[in-house]
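Colleague: Kindly generate the corresponding structure for this input.
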Amino acid sequence: MTKTQATTTSGAPVFPPGRYGRRREPRKQRRWVVALLVAAVVAAGVGLAVKLYQQYGDPSYNAQVTSYSGVTDTGIDVEFRVNVPDGGKAICVLRARSRDGAEVGKAEVAVAAAPGETRPLTRYRLVTSARPVIGEVVRCRAAE
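Modeller: As a prediction, this is how the structure comes out:
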């Protein structure tokens, strides 16, 4: 019996010429170019989103109570203004509260703006179950 000795090489493998094509040198990776392209795409997306929201997004339906009066044991008169689009409509939720802060009356009120008007003044008699001390607008939204 003869012993065979295995040899190993520690260098790169040698391929037969022409068999596997020409080997290319590795390219330098330009990470800053990729980062710049990603940043440009993100900025363009944010810009487009802002433009479309300004053009088609929900307008602000901010309400402000101008006065409340006519307080009785069964109701309160609430006068308020709402920002609505020109000639648009809104639904506002009104609430009356008693001295201890409990809700004693609540109603949804439709508000419509005349053409050319964006802050219509609305008066509404809110019916309550006890004597209120304040009438307020909780929120407003677009009418369907």
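
Colleague: looking at this structure, which helix or strand is least sure?
Modeller: Within the chain, judged by mean pLDDT, DSSP states H and E, the helix or strand with the poorest mean is helix 31-56; its value is a mean of 89.

Colleague: Tell me which residues of it come out buried.
Modeller: Burial within helix 31-56, assessed by neighbour count using 16 or more other C-beta atoms under 10 Å, is assigned to no residue. Every residue, glycine included, has its C-beta placed from N, CA and C.

Colleague: thought residue 93 was touching residue 108?
Modeller: Yes. Under the criterion of C-beta atoms under 8 Å, residue 93 is in contact with residue 108, at a separation of 5.6 Å.

Colleague: Look at the two and report which has more neighbours.
Modeller: Higher neighbour count among residue 93 and residue 108: residue 93, with 15 against 10, using other C-beta atoms under 10 Å.

Colleague: which residue sits closest to the more buried one, ignoring its sequence neighbours?
Modeller: Using C-beta to C-beta, 6 or more residues apart in numbering and skipping residues adjacent in sequence, the residue nearest residue 93 is residue 138, 4.4 Å away.
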